[in-house]
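A.B. asks: just to be clear, the model below is a prediction. Sequence and coordinates:
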Amino acid sequence: MDLVKEYDRIVCESLCDKPGEIRSYPVRITGTDYKPGMPAIEKIEEVLQLAKEIDHPIKQGFYLFGHIARERWFNDGNKRTAQLVANHVFVQNNAAMLAVPVEERENFWHKLVEFYETGQQDDLNDFLYKTSIGIMPGGLTMEKTREIE
């Protein structure tokens with residue numbers, strides 16, 4: 001939990017109220033009617049524990065990315081924090097890097113809103129895996145790797 005909070009503190013320092021602290025008020029998300037519930041420490045700790053039980057680093061990173069982004073654990077910077085946490089998992093396991101290409105940002109937002117509204121993460125994960133994961137050490141996305149083969 002401390003690592004995730006520290007990433008949010010870094011991301012939001014000088015930009016938002018109470019960086020690195022768990023959100024204590026309701027929020028809305030632009031572009032959707034989805035309203036995340038209030039984060040509970042017990043639920044966050046459960047998510048973090050379940051993530052540790054996922055043995056594939058990319059699946060583990062995506063799991064954490066989805067929960068942090070959708071549940072809005074912090075006052076601000078949740079998607080950025082979620083991406084940093086996912087990349088932390090990936091790099092620690094020499095697995096990958098997550099970076100949504102500029103040309104895919106609009107598609108990313110559509111997939112993300114769909115995920116917010118449905119809670120179903122598979123389409124978002126598939127999209128990210130195909131377009132936004134640089135597999136180490138080559139750094140190619142899966143899509144680019146297929147083009148070369």
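C.D. replies: Structure's in. What do you need? Numbers count the residues shown, from 1 in each chain.
A.B. asks: phi and psi next, for the residue nearest the centre of the chain.
C.D. replies: In the chain, the centroid-proximal residue (CA atoms, centre = their mean) is Phe65; its distance is 2.2 Å. With angles defined as degrees, to the nearest 10, Phe65 sits at phi -60, psi -50.
A.B. asks: list the residues that contact it.
C.D. replies: 82-83, 85-86, 98, 128 (CB atoms under 8 Å, 6 or more residues apart in numbering). In short, each C-beta sits where N, CA and C put it, glycine included.
A.B. asks: okay if I get those residues as JSON lines plus pLDDT?
C.D. replies: Converted to JSON lines, the contacts of Phe65 look like this (pLDDT from 0 to 100):
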{"residue": "Ala82", "pLDDT": "98"}
{"residue": "Gln83", "pLDDT": "97"}
{"residue": "Val85", "pLDDT": "98"}
{"residue": "Ala86", "pLDDT": "97"}
{"residue": "Leu98", "pLDDT": "94"}
{"residue": "Leu128", "pLDDT": "96"}
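A.B. asks: biggest separation within the residues you listed, which pair?
C.D. replies: Based on CB to CB, the longest span within these runs between Val85 and Leu128 and measures 13.9 Å.
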